[in-house]
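Colleague: When you get a sec, could you give me coordinates for this:
(chains A and B)
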Amino acid sequence: MTAYIIRRLFQAFIIVVLVTMLVFIAMRLMPGDPLLFYLSQDNLTMFSEEKLQALRHEYGLDKPIILQYTDWISRMFQGDFGISISNRRPVLYEISKTLPVTLYLGVISFVIGNILGIGAGIICAVRRGKVIDFIVTTMANFGITVPVFWLAIVMIYVFGLKLGWLPTHGFVWPTVNPWLSFKQSILPVICLAIGPLGGMARQTRSVMLEVVRQDYVRTAYAKGLTENDVIRRHVIKNGFIPLAILLGMGVTGILGGSVIVETVFNIAGMGRLAVNAVMGLDYPVTQAITLISAVMVVLSNLIVDISYAWLDPRVAYS
Amino acid sequence: MTEDRNSFAEAPPRVSIWKHYYHAFFSRKIVVVGLVLILINIIAAIFAPWLAPYDPNLPDPENAMLPPSWKHPLGTDTIGRDYLSRMIYGARTSITIGLAAVGVAAALGVTLGLVAGYFGGWTGTIIMRVIDALMAFPMIMLILLIAAILGQGMLNIIVSLGVGMMASYARMVYGQVISVKQNEYVTAARVIGASPGRIMFYHVLPNCLAPVIVMMSLALGGAILAEAGLSFLGIGINPPTPAWGAMVNMGYKYLLSDPLLSIVPGFAIMILVFAFNMVGDGLRDALDPRLRGTL
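Modeller: Here you go, the predicted model:
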């Protein structure tokens, strides 16, 4: 087990290094002068050619590309992600303000989406071919089919504008105003959770259908256990192992979903920041966000893999 | 004569493989529904110039924001363009980008997976680790990043989506190639002096293709959804070419006065994605029942 964890940690480290390289290359491919990373556009036009050269030297942009890369990495380790081009604040400050919002909504959606999805999938598998199976499967298909931005707009129209029950946009922390925060979170959380919910329900259904066919389930029935006991002790326990791996993918989905959901609901999270950064050609911010989200995905996959090996010891030996 | 026939009644009937695929594919009604919906959209896309009652890009400010009528079945938009015509042309955008992006993704991913799996060693390790790194990015972030480098326009969006989606093909084909290349016919081809390229494309690739086709059909819905999301965010093909996602976004500003402007194109996206997902499911069940529930 320890050897497996060390091996997985090493792999994750390699992937993170490659991710930083890809982001670095991507940034060098962006149109425009990399000096924009450190200066605003107006500043750039004010400088004479000699001064620009001096600045280039100061920021290490005249060094070989490999050294530029290592400089960039070491600056990031010191928490220096550069200055945002659009508002000239440090990128780290922008991220520290927006990331908690995205994580807050993301974690709630992740938990709700996966719990409801797994529950729905189990119900479908147990009642296979019955009306409830048909209804839940159809709704799960809706969940993976519906364009999230459209669902958001339809819900804003119905619950916000027509019925007036819920606010149409914005975000406040529950510590500031718990009731408003709760009401504001409902629609974004539904939008973020619907995809993972549908996907998880479909996967759980097929995994559970596979498990109920196994001999040990038939044995469990044969020895006289009630259906509840069979499902709880044998079906769910064995079915959960392949599902654990899907939880890691859910993190990717929710981080991606935040891009659209935060834009529609005008929530000042990292997703909306990413869209604004890409649209405004704000490279330092774009770079930091893609890097941070990729590292978060690598870490969550690492956690999933290790817990997977813990749940099913055979994995560590293969 | 009849007795003779009866004596063979026990033997299973001979069913050709194509008949088997046909029955497995068409056995679920929902798959047929999906196929019909896709055909309607493809017809709309191909014959848009003949089907659309008006020029989709011609503004007519005097007739802006009209409600549905016989003259304009879906009304007109904010600058008086006929909404039905824009919807019909929007199908063209969605289907073209969806198909092309999946094609690019499969071509890139399959080639990389094939090369990595066949040569193995350092080549394979490097390619697959880069693929792992690509998979670490949330897809929409990766696509946004590539779109930011390339800029807007249809071709750039296709390439962004294609590169963003290629990793899963590479990983799947890699796994397939590892097992297929152990077969004797691959060794035999190598013995008679076939080049690596020939072995990869003539002997290995055809035996890895079924899951690729299934994955492509299942990815189409996702590609259309991703394109719609991008064009909703304003990163898509250049206006005024109609794209459903951008139309939802434009209508969003007029949600209270004219909700149909947003609701109609979004509904069309959902129906098309649903149709592609259903047909993808059907194709998976027909071509490779082992993959059921795994893709």
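Colleague: which residues of the stretch 151-300 of chain A score low on pLDDT?
Modeller: Judged by pLDDT under 70, the stretch 151-300 of chain A has no weakly predicted residues.
Colleague: In it, what residue spans correspond to strands?
Modeller: Counting by DSSP state E, counting those that start in this stretch, the stretch 151-300 of chain A has no strands to list.
Colleague: Nearest to chain B within it, name that residue for me.
Modeller: A:Ser206 (2.7 Å; CB to the nearest CB). C-betas here are computed from N, CA, C, even on glycine.
Colleague: Tally up the residues packed near that residue, please.
Modeller: Neighbour count for A:Ser206, taken as other CB atoms under 10 Å in any protein chain shown: 16.
Colleague: One more: B:Arg190?
Modeller: Neighbour tally, B:Arg190, other CB under 10 Å: 14.
Colleague: Surely it is within a strand?
Modeller: No: counting by DSSP: H, G, I helix; E, B strand; the rest coil, B:Arg190 is not part of a strand but helix.
Colleague: how near is the residue nearest to B:Ser262 when sequence neighbours are not counted to B:Gly75?
Modeller: Nearest residue to B:Ser262, sequence neighbours excluded (CB to CB, 6 or more residues apart in numbering or on different chains): B:Gly251, at 3.4 Å. Plainly put, B:Gly251 is 11 Å away from B:Gly75 if you go by CB to CB, to the nearest Å.
Colleague: Quick check: neighbours shared by the two?
Modeller: Common contacts of B:Gly251 and B:Gly75, defined by CB atoms under 8 Å, 6 or more residues apart in numbering or on different chains, comprise B:Asp258, B:Leu260, B:Leu261.
Colleague: give the contact list for A:Ser258.
Modeller: If a contact means CB under 8 Å, 6+ apart, then A:Ser258 has A:Thr102, A:Leu105, A:Gly106, A:Leu192, A:Gly269, A:Met270, A:Gly271 as its contacts.
Colleague: Looking at the stretch 51-200 of chain A, what residue ends up closest to chain B?
Modeller: A:Trp150 (3.0 Å).
Colleague: Does that residue belong to a helix, a strand or coil?
Modeller: Under the three-state scheme (three-state DSSP), A:Trp150 adopts helix.
Colleague: Can I take it that B:Met65 is in a strand?
Modeller: No: counting by three-state DSSP, B:Met65 is not found in a strand; it is coil.
Colleague: Can you list phi and psi of it for me?
Modeller: phi 50, psi 40 (degrees, to the nearest 10).
Colleague: and it, what is it in contact with?
Modeller: B:Gly75, B:Thr76, B:Asp77, B:Thr78, B:Gly80, B:Tyr254, B:Ser257, B:Asp258.
Colleague: What remains of these if I keep only buried residues?
Modeller: Buried members of the contacts of B:Met65, counted by 16 or more other CB atoms under 10 Å in any protein chain shown: B:Gly75, B:Thr76, B:Asp77, B:Gly80, B:Asp258.
Colleague: Can you list the residue ranges for helices in chain B?
Modeller: Under the criterion DSSP state H, helices of chain B are mapped to B:2-7, B:17-26, B:29-46, B:48-51, B:83-119, B:121-135, B:139-150, B:154-180, B:184-191, B:196-198, B:209-233, B:244-252, B:260-287.
Colleague: Rebuild those helices as JSON lines, extending it with mean pLDDT.
Modeller: Output for the helices of chain B, formatted as JSON lines (pLDDT from 0 to 100):
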{"stretch": "helix B:2-7", "mean pLDDT": "50"}
{"stretch": "helix B:17-26", "mean pLDDT": "75"}
{"stretch": "helix B:29-46", "mean pLDDT": "90"}
{"stretch": "helix B:48-51", "mean pLDDT": "86"}
{"stretch": "helix B:83-119", "mean pLDDT": "91"}
{"stretch": "helix B:121-135", "mean pLDDT": "88"}
{"stretch": "helix B:139-150", "mean pLDDT": "82"}
{"stretch": "helix B:154-180", "mean pLDDT": "89"}
{"stretch": "helix B:184-191", "mean pLDDT": "86"}
{"stretch": "helix B:196-198", "mean pLDDT": "85"}
{"stretch": "helix B:209-233", "mean pLDDT": "87"}
{"stretch": "helix B:244-252", "mean pLDDT": "87"}
{"stretch": "helix B:260-287", "mean pLDDT": "88"}
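Colleague: Which of those helices sits closest to A:Ser84?
Modeller: helix B:139-150 (15.0 Å; CB to CB).
Colleague: and the stretch 101-250 of chain A, which of its residues are near chain B?
Modeller: Selection of the stretch 101-250 of chain A residues close to chain B by CB under 8 Å from any CB of the partner chain yields A:141-142, A:144-150, A:153-154, A:156-157, A:161, A:202-203, A:205-207, A:209-210.
Colleague: what's the burial count for the closest residue to B:Ile127 other than its chain neighbours?
Modeller: The spatial neighbour of B:Ile127 that comes closest, neighbours along the chain excluded (CB to CB, 6+ apart), is B:Ala116 at 3.9 Å. Per other CB under 10 Å, the neighbour tally for B:Ala116 reads 25.
Colleague: measure B:Ala116 to B:Leu108 for me?
Modeller: B:Ala116 is 12 Å from B:Leu108, by CB to CB.
Colleague: Give me the common contacts of the two.
Modeller: In contact with both B:Ala116 and B:Leu108: B:Ala170, using CB under 8 Å, 6+ apart.
Colleague: Near chain A, which residues of the stretch 151-295 of chain B are found?
Modeller: B:151, B:221, B:225, B:228-229, B:232-235, B:245, B:248-249, B:252, B:255-256, B:259, B:262-263, B:266-267, B:269-270, B:273-274, B:277-278, B:292-294.
Colleague: ok so, going back, now, which of the buried ones among the contacts of B:Met65 sits nearest chain A?
Modeller: Nearest to chain A, judged by CB to the nearest CB, of these is B:Asp258 at 10.9 Å.
Colleague: Can you verify my assumption that the closest one contacts B:Gly75?
Modeller: Yes: the criterion here is CB atoms under 8 Å, and B:Asp258 meets it with B:Gly75 at 7.3 Å.
Colleague: Need the overlap of contacts for the two.
Modeller: B:Met65, B:Pro67.
Colleague: B:Glu184: neighbour count?
Modeller: The burial count for B:Glu184: 8, using other CB under 10 Å.
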